[in-house]
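Enquirer: Next come a sequence and a model predicted from it.
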Amino acid sequence: MKNNVGAHSDLEDAHVIPALVHKCYLAKKNGTPFIVSGTGKPLRQFIFSYDLAKLFVWMLREYDDVEPIILSVGEDEEVSIKEVTDAIVKAVGFEGHYSFDTTKADGQFRKPATNKKLLDCHGAFKFTPFEQALDLSVKWFVENYDSARTGMNKKP
């Protein structure tokens with residue numbers, strides 16, 4: 001999450017967490033409502049970029065199977081978009097009006113990926129808890145807003 005939030009928080013085409021962090025940050029900064037598309041009910045699995053980087057290094061050094069392996073948190077760590085949004089509101093310190101625009105589509109309800117093979121191969125790996133990873137990511141984004149790729153500084 002950390003590098004993803006800063007690396008690509010363009011409001012037009014960012015992934016869900018970077019886009020929501022950016023929208024919430026701007027709503028706080030501008031004193032405007034924070035409106036999220038959809039109902040907030042869909043479930044997603046999110047992996048912290050540092051955890052993913054550690055897994056990449058582990059794969060390069062230790063994983064010698066030719067079969068692919070999914071690098072993901074488990075399905076038991078799915079969080080709803082509402083839970084993500086609530087955590088973002090808290091991490092950003094947003095105190096204004098926040099709601100869901102239920103006239104907008106939710107998208108696919110679930111996109112599960114199993115990490116059973118990963119855990120069988122590297123069962124000692126500990127994923128960073130979601131809220132801790134999100135807090136670190138939001139902190140980085142806020143501290144680096146002026147230099148982050150937000151899409152706000154595009155040249156015409």
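Expert: Happy to help now that I have it.
Enquirer: Could you pull out the helices in this structure for me?
Expert: Residue ranges of the helices in the chain, as given by DSSP state H, are 2-7, 16-30, 49-62, 81-92, 116-121, 130-143.
Enquirer: Of all the ones you listed, which one is nearest Arg110?
Expert: Closest approach to Arg110 among the helices of the chain (C-beta to C-beta): helix 81-92, 11.4 Å. All C-beta atoms are positioned from the backbone trio N, CA, C, and that covers glycine.
Enquirer: For that closest one, enumerate the helices and strands it packs against.
Expert: Other helices and strands packing on helix 81-92, by 3 or more C-beta pairs under 8 Å, 6 or more residues apart in numbering; DSSP states H and E, are helix 16-30, strand 34-37, strand 43-44, strand 98-101, helix 130-143.
Enquirer: How much space separates Gln108 from Pro42?
Expert: As judged by C-beta to C-beta, to the nearest Å, Gln108 and Pro42 stand 7 Å apart.
Enquirer: Comparing the two, which shows the higher neighbour count?
Expert: Pro42 (20 against 9; other C-beta atoms under 10 Å).
Enquirer: Surely that one is in contact with Glu83?
Expert: No: with contact defined as C-beta atoms under 8 Å, Pro42 does not count as touching Glu83 (10.7 Å).
Enquirer: Find the residues that touch each one of the two.
Expert: Shared contacts of Pro42 and Glu83 (C-beta atoms under 8 Å, 6 or more residues apart in numbering): none.
Enquirer: ok, the residue nearest the centre of the chain to Val84 distance?
Expert: The centroid of the chain falls nearest to Ile17 when counting by C-alpha atoms, centre = their mean (3.7 Å). The gap separating Ile17 from Val84 is 6 Å, by C-beta to C-beta.
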